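*Asks:* the following comprises the amino acid sequence and a computationally predicted model.
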Amino acid sequence: MNQNTRTSKRWKTRTTTANMGGNNYYDILGVDKNASDEELKKAYKKMAVKWHPDRHVSKTEAEQKEAEEKFKNMAEAYDVLSDDETRKVYDLYGEEGLKGGGGPPPPEEENDDTHQHFRPGGGGPFGSGYPGGPSGRPTGAGYTYAGDPSEFFAHFTRASNQRQRSYGETPFEGHGGLEEMLFGGGSDAYDGGSKRHRRSHVPERCCSVSCTLEDMYRGRTRKMKVTRKSLTPGRPTEKILELPIKPGLKAGTRITFSGEGDEVEPGLAENIVFVLREVKHDRFVREGDDLHYEVKASLADALCGFTHDIRMLDKRERVKRLQKRAPVSNLMTQVLSGEGMPISKRPGERGDLIVSFLVDFPEKELTEEQKEHVRAAFPN
């Protein structure tokens with residue numbers, strides 16, 4: 001059989017790869033076909049947390065299997081769409097073409113082993129089923145998701161945590177004191193604690209306010225003393241403003257006090273805008289309505305099991321206890337439903353607490369005796 005015949009036959013075999021029941025990757029993540037990278041990240045994270053197996057352990061076996069399948073589908077959809085090359089192939093040829101190798105090669109190039117529809121040595125952001133990648137599929141074969149969805153999610157959350165450790169990402173990060181600005185931006189706007197539309201022709205004076213994660217979790221009222229210029233007789237040059245920090249507000253939220261700044265002309269005063277800035281926390285990393293927490297474990301504890309207490313952010317001390325009997329690894333996460341931040345727009349509801357594990361492996365070489373004990377404990 002000549003090479004052309006073998007190539008053609010291989011193509012037919014590849015196109016029979018099982019698909020995801022005809023589902024659309026964009027539909028699975030709930031995004032538009034033109035979704036940006038950031039929109040894909042947010043959509044994957046939201047849906048993966050929703051269908052994480054840890055959130056469905058108390059449900060029926062059928063519901064647990066459904067959650068596991070959807071959790072895997074989320075990982076596969078994001079794995080494909082988060083990579084430019086595989087996304088292009090998918091957009092052109094659909095899932096069948098993607099899993100079949102990116103569409104049949106032009107006849108004159110069928111013998112060209114260097115012609116690829118995927119990048120060599122791929123693997124998406126975390127490496128799963130691309131040609132030449134960890135899946136072991138030979139170069140030229142179609143996409144197959146060969147990763148573990150739980151490990152994929154663990155990698156994703158750890159990478160996300162590293163981005164979030166640049167805490168307090170607002171337009172006013174790093175600034176102190178009052179800043180003179182016109183028509184500043186922000187994620188939310190409050191007028192003395194209630195949402196409002198800002199009048200674009202009224203000047204604004206902006207001030208970044210540092211808030212602890214505890215402030216944003218529990219809520220509190222801050223008293224802010226304002227010194228201002230007044231042209232109207234009887235208008236005080238100093239005033240105390242009460243700044244309502246409601247539970248669940250996010251960094252970048254703007255709280256506006258209309259007409260409480262300097263008078264630019266009699267009867268017209270600038271607005272004062274306080275922009276919330278989140279201070280780095282020593283235990284938790286916030287991402288939206290969710291909290292991330294990292295448990296550090298020795299290798300012995302990781303293998304034999306351990307108990308770990310998470311001190312939560314409530315005003316009255318509250319501890320969430322983790323009891324791990326099975327081994328844990330750096331590729332594992334555990335989702336504690338409803339233990340995250342309050343959701344400001346939905347009182348009574350909370351996000352999730354996502355726990356990851358960091359195992360402390362020994363840096364020095366083991367002694368021969370130690371190696372023998374390890375091998376005895378874990379025989380082939």
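*Replies:* Good, I have the coordinates. Residues are numbered from 1 along each chain as shown.
*Asks:* can you give me the end-to-end span of stretch 215-235?
*Replies:* One end of stretch 215-235 sits 32 Å from the other (CA to CA, to the nearest Å).
*Asks:* give me the mean pLDDT for that stretch.
*Replies:* On average, the pLDDT along stretch 215-235 is 93.
*Asks:* same thing with stretch 240-257?
*Replies:* Across stretch 240-257, the average pLDDT comes to 94.
*Asks:* and it, what's buried?
*Replies:* Going by neighbour count (16 or more other CB atoms under 10 Å), the buried part of stretch 240-257 is 243, 245-257. Where you see a C-beta, it was placed from the backbone N, CA and C, and this is true even at glycine.
*Asks:* same list (those residues) but as CSV, adding secondary structure.
*Replies:* Below are these laid out as CSV (DSSP: H, G, I helix; E, B strand; the rest coil):
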residue, secondary structure
Leu243, strand
Ile245, strand
Lys246, coil
Pro247, coil
Gly248, coil
Leu249, coil
Lys250, coil
Ala251, coil
Gly252, coil
Thr253, strand
Arg254, strand
Ile255, strand
Thr256, strand
Phe257, strand
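*Asks:* which one of those is nearest Gly288?
*Replies:* Of all the buried residues of stretch 240-257, Gly288 sits closest to Lys250, with 7.6 Å by CB to CB.
*Asks:* the closest one contacts Leu276, doesn't it?
*Replies:* Yes - here Lys250 reaches Leu276: they are 7.3 Å apart, a contact under CB atoms under 8 Å.
*Asks:* from the buried residues of stretch 240-257, pick the one nearest Gly219.
*Replies:* When the buried residues of stretch 240-257 are compared for distance to Gly219 (CB to CB), Pro247 wins out at 3.9 Å.
*Asks:* could I get the phi/psi values of the residue of the chain most remote from its centre?
*Replies:* In the chain, the residue that sits farthest from the middle, by CA atoms, centre = their mean, is Pro233; the gap is 52.7 Å. In terms of degrees, to the nearest 10, the main-chain angles of Pro233 are phi -60, psi 140.
*Asks:* against Ser210, how distant is it?
*Replies:* 36 Å (CB to CB, to the nearest Å).
*Asks:* same question, Ser356
*Replies:* Distance from Ser356 to Ser210, by CB to CB: 27 Å.
*Asks:* of the two, who's got more company?
*Replies:* Neighbour tally, Ser356 and Ser210, criterion other CB atoms under 10 Å: the higher count belongs to Ser356, 20 against 12.
*Asks:* adjacent strands (with direction) for the host helix or strand of that one?
*Replies:* When elements are defined using DSSP states H and E, Ser356 is found to belong to strand 353-360. Partners of strand 353-360 in the sheet, by DSSP bridges, are strand 290-298 (parallel), strand 333-336 (antiparallel).
*Asks:* so what's the gap between the host helix or strand of Glu85 and the chain middle?
*Replies:* Per DSSP H and E, Glu85 falls inside helix 84-99. A distance of 25 Å separates the centroid of the chain from that of helix 84-99, by CA atoms, centre = their mean, to the nearest Å.
*Asks:* buried stuff in it?
*Replies:* Residues of helix 84-99 classed as buried by neighbour count (16+ other CB under 10 Å): Glu85, Thr86, Arg87, Val89, Tyr90, Tyr93, Glu95, Gly97, Leu98, Lys99.
*Asks:* just checking, what packs against that helix?
*Replies:* With contacts taken as 3 or more CB pairs under 8 Å, 6 or more residues apart in numbering; DSSP states H and E, helix 84-99 sits against helix 61-81.
*Asks:* how much does the helix it packs on deviate in direction from helix 84-99?
*Replies:* Per axes from the mean of the first three to the mean of the last three CA atoms, to 10 degrees, the angle that helix 61-81 makes with helix 84-99 is 120 degrees.
*Asks:* in helix 61-81, what counts as buried?
*Replies:* Buried residues in helix 61-81 (16+ other CB under 10 Å): 67-68, 70-81.
*Asks:* next, format those as a markdown table and append pLDDT and distance to Glu263.
*Replies:* As requested, the buried residues of helix 61-81 are exported to a markdown table (pLDDT from 0 to 100; distance: CB to CB, whole Å):
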| residue | pLDDT | distance to Glu263 |
| --- | --- | --- |
| Ala67 | 87 | 59 |
| Glu68 | 87 | 63 |
| Lys70 | 89 | 58 |
| Phe71 | 88 | 58 |
| Lys72 | 89 | 62 |
| Asn73 | 89 | 59 |
| Met74 | 89 | 54 |
| Ala75 | 88 | 57 |
| Glu76 | 89 | 60 |
| Ala77 | 90 | 55 |
| Tyr78 | 91 | 53 |
| Asp79 | 88 | 58 |
| Val80 | 90 | 58 |
| Leu81 | 93 | 53 |
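*Asks:* give me the low-pLDDT residue ranges for this structure?
*Replies:* Scanning the chain for pLDDT under 70 picks out the ranges 1-23, 101-142, 158-201.
*Asks:* quick one, helices of it?
*Replies:* 3-14, 25-29, 37-50, 61-81, 84-99, 149-164, 213-218, 299-304, 368-377 (DSSP state H).
*Asks:* mind checking which of those helices is nearest His292?
*Replies:* Nearest of those (CB to CB): helix 149-164, 5.1 Å.
*Asks:* re earlier: out of the buried residues of stretch 240-257, who's nearest Phe152?
*Replies:* Lys250 (26.6 Å).
*Asks:* roughly how far apart are that closest one and Met312?
*Replies:* As defined by CB to CB, Lys250 lies at a distance of 19 Å from Met312.
*Asks:* and what of Ala300?
*Replies:* Distance, Ala300 to Met312, by CB to CB: 27 Å.
*Asks:* please apply the same query to Leu40.
*Replies:* For Leu40 relative to Met312 (CB to CB), the value is 31 Å.
*Asks:* Trp51 now?
*Replies:* Taking CB to CB, one finds Trp51 at 25 Å from Met312.
*Asks:* doesn't Leu241 make contact with Phe257?
*Replies:* Yes - the criterion here is CB under 8 Å, and Phe257 meets it with Leu241 at 5.4 Å.
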